[in-house]
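1. quick one, fold the following:
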Amino acid sequence: MALCDPALLGGGWVNALRLSWLYLRVGVMNELQYRVNFVVQIFQSAITLLVGLAVLALVYSHTDELNGWTQPELLCVLGIQILMGGVIRTYIQPNMTRVMEEVRLGTLDYALTKPEDAQLLASVREVRIWQVVDVISGAVVLGFGLSRIESGLSAVDAAAFAIALLFGAVMIYCFWLVIATGAFWVVNMWTAAELFDGVFQTGRWPVGIYPGWLRVSVTFLVPIAFAVTVPAEAATSRLEWQTLLLAAGFAVVLLAFTRWFWRFGLRNYTGASA
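-> Have a look, this model is predicted:
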């Protein structure tokens, strides 16, 4: 979204929230027409959850900890990964894939000619409400993992967790917007979008278990570490304030860059009206 623009300060933020709420209501009404999708989504989410829990059980049948992480702490990581995946598939991915499709067809004009910020419109038009099942199941797994950690969750840790989760969602949004904007030059960006789904599975494990090159890749190229591991560190009292400051700074940089990149990409767009 156009979070870096002065236009969204003050009353502009109110307008952005109003527009987002409007499209959310429309999306919910559209999705309610196909309620069988809810059953399908429950089935898919159950399979994903059971596979994740089975893998964790298998790993911890041979060890008591993994790179310093206990099984309850890894449950928290898994829960956050499922929760964040639900957020992505509910709101971020549907909007970005729609942008790529409209660029390919030359129909993005309908968003560009509206009397609202084009990036904001492109970011809020689609909602896949049934994907919220993953958000709920991820939250349940997270809560169960936290309940098995003796130290518990302090108020400071809870605040740091919420902030880190927000920064992570913003960075994932920025990553997807870069992919979507790339469609202005490369028509077939579906490969990159499909690749993300595979790479996102690395978030089921703390980024520290991976070799250095992969750790850097899933932190700064594809910000999965900021979206999953950092919030998990906050929830399990592992997070250092320097890491949270780094997440805040990186989120701001990504927002500024993606805003510029989006506008630059629009200059190369030739739609149906061109």
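
2. what's the next secondary structure element after the strand or helix carrying residue 29?
-> Taking DSSP states H and E as the criterion, residue 29 maps to helix 11-31. Following helix 11-31 in sequence order, the next helix or strand is helix 36-59 (DSSP H and E).

3. which intervals of the protein have sub-threshold pLDDT?
-> 1-13, 271-274 (pLDDT under 70).

4. repeat that with 90
-> 1-45, 48, 61-68, 103-118, 120-121, 124, 127-131, 149-154, 183-198, 267-274 (pLDDT under 90).

5. that one: strands as residue ranges?
-> 65-66, 69-70 (DSSP state E).

6. may I have the strands that pair with the last one, each with its orientation?
-> Sheet pairing of strand 69-70 (DSSP bridges) gives strand 65-66 (antiparallel).

7. for the helix ranked longest in the chain, buried residues please.
-> If you go by DSSP state H, the chain has its longest helix at helix 155-182. With burial defined by 16 or more other Cβ atoms under 10 Å, the residues of helix 155-182 counted as buried are 157, 160-161, 163-165, 167-182. Bear in mind the C-beta positions are built from the backbone N, C-alpha and C, glycine included.

8. by contact count, what packs against that helix?
-> For helix 155-182, the contact count by 3 or more Cβ pairs under 8 Å, 6 or more residues apart in numbering; DSSP states H and E identifies helix 71-87, helix 93-105, helix 118-124, helix 190-199, helix 230-235, helix 241-266 as packing neighbours.

9. let's see 10 Å
-> helix 71-87, helix 93-105, helix 118-124, helix 132-147, helix 190-199, helix 224, helix 230-235, helix 241-266 (3 or more Cβ pairs under 10 Å, 6 or more residues apart in numbering; DSSP states H and E).

10. name the stretch among these that sits most buried.
-> For these, average neighbour numbers computed from mean count of other Cβ atoms under 10 Å are highest in helix 230-235, which has a mean of 28.

11. and it, what other elements does it pack with?
-> helix 71-87, helix 132-147, helix 155-182, helix 241-266.

12. the inter-axis angle of the last one versus helix 155-182?
-> Right, the one you point to is helix 241-266. 20 degrees (axes from the mean of the first three to the mean of the last three Cα atoms, to 10 degrees).

13. mind giving me the packing neighbours of helix 241-266?
-> helix 93-105, helix 118-124, helix 155-182, helix 230-235.

14. do you know which of these lies nearest residue 53?
-> helix 230-235 (16.2 Å; Cβ to Cβ).

15. mind exporting that closest one as CSV, just the C-alpha atoms?
-> Output of helix 230-235 as CSV, limited to C-alpha atoms (Å, rounded to 0.1, in the frame of the first residue of the first chain):
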residue,chain,number,x,y,z
VAL,A,230,11.7,-13.2,14.5
PRO,A,231,8.1,-13.3,15.8
ALA,A,232,8.8,-16.8,17.1
GLU,A,233,11.9,-15.5,18.9
ALA,A,234,9.7,-12.8,20.5
ALA,A,235,7.1,-15.3,21.6
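
16. picking that back up, quick one: closest of the helices and strands packed on helix 241-266 to residue 15.
-> helix 118-124 (8.7 Å).

17. and the closest one, what other elements does it pack with?
-> helix 11-31, helix 93-105, helix 109-112, helix 155-182, helix 241-266.

18. and residue 17, how many neighbours?
-> A count of nearby residues for residue 17, using other Cβ atoms under 10 Å, gives 11.

19. go on, the one 10 residues further on?
-> Counted with other Cβ under 10 Å, residues neighbouring residue 27 total 19.

20. residue 36 now?
-> 8.

21. how close does it sit to residue 247?
-> 39 Å (Cβ to Cβ, to the nearest Å).
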